[in-house]
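> sequence first, predicted coordinates after that:
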Amino acid sequence: MGLKDDLNAWTSSVFRSVWTKRDGTKVPDDDSKLGLKNDAIEIEATVLYADLADSTKMVNTETAEFAAEVYKTFLYCAAQVLRANGGVITAYDGDRVMAVFMTNTPNTDAAKAALQIRWATRQIVTPQLRSMYGHKSTYEVPHVIGIDTSKLFVTKSGVRGANDLVWVGRAANYAAKLSAQPPTYAYITKAVYDKLLDSSKLAGDKNMWEPVTWDYNRTTIYRSSYQWAFD
């Protein structure tokens, strides 16, 4: 069978096969025994993307070593904060990291993680960078965080020996789109905001999140410039 015949047979099989679906109680991973054909796990979860902003400009204007150090330090700090708040790292995509939350309070935990990533970037990554590169004394590491929550349809895509999980659902798409918003903020959808406990919504008696209109679909989203310190 030639390549064309193989691709035709595979595509026909996928479009015509009945899906095997099961409910998930934890974040799926490579050990979830998902097949490469029409096999899926359905979950209710919250998705967070943390993204370096303006990374294309950085790699065009800075040395490769400098850009790599920014990537490594930002992604390491973000990933550690996500794990500390119950998030499961599901993907690294160049200059961003994706995490899925299925904790008892996934939206509250994800929002807390977002504000702690902001703090870590401003109070750890940026000062350490400036201390090493004196000529970058005013440099800020630009970053954006996006969060949404919804039902997700998790399946496997690729070929045997080179495949990965695919997260199909609004939360994955919206969180990724929100992480492409202008930097200096963390962004959450109204669905996330409506489920926040006060611990991730209020600083004293002041709301940490302000409503804005999302240009993408003219809906209300919420953004925050707050930082959440930790030891």
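Now that the structure is in, tell me what you want to look at.
> next one: the longest strand seen in the chain to chain centre, how far?
Scanning the chain for the strand with the most residues, using DSSP state E, yields strand 143-159. Using Cα atoms, centre = their mean, to the nearest Å, the mean C-alpha position of strand 143-159 is found 8 Å from that of the whole chain.
> for residue 114, what are its contacts?
Counting by Cβ atoms under 8 Å, 6 or more residues apart in numbering, residue 114 touches 48, 50, 145, 147, 186, 188, 224. In short, each C-beta sits where N, CA and C put it, glycine included.
> one more time with 10 Å
With contact taken as Cβ atoms under 10 Å, 6 or more residues apart in numbering, residue 114 is in contact with 48-50, 78, 81-82, 85, 144-147, 185-188, 192, 200, 224, 226, 228.
> give me phi/psi at it?
Its backbone dihedrals place residue 114 at phi -60, psi -50, with angles given as degrees, to the nearest 10.
> returning to what we had before: narrow the contacts of residue 114 to those in helices?
Using DSSP state H, the subset of the contacts of residue 114 located in helices is 78, 81-82, 192.
> isn't residue 30 up against residue 164?
Yes: at 8.5 Å, residue 30 and residue 164 qualify as touching, with contact defined as Cβ atoms under 10 Å.
> distance of the residue nearest the centre of the chain from residue 116?
For the chain, the residue lying nearest the average C-alpha position, counting by Cα atoms, centre = their mean, turns out to be residue 49 (1.7 Å). Distance of residue 49 to residue 116, computed by Cβ to Cβ, to the nearest Å: 15 Å.
> show me where this protein has helices.
Listed in chain order, the helices of the chain (DSSP H) span residues 3-16, 55-61, 64-84, 106-120, 126-132, 170-178, 190-193.
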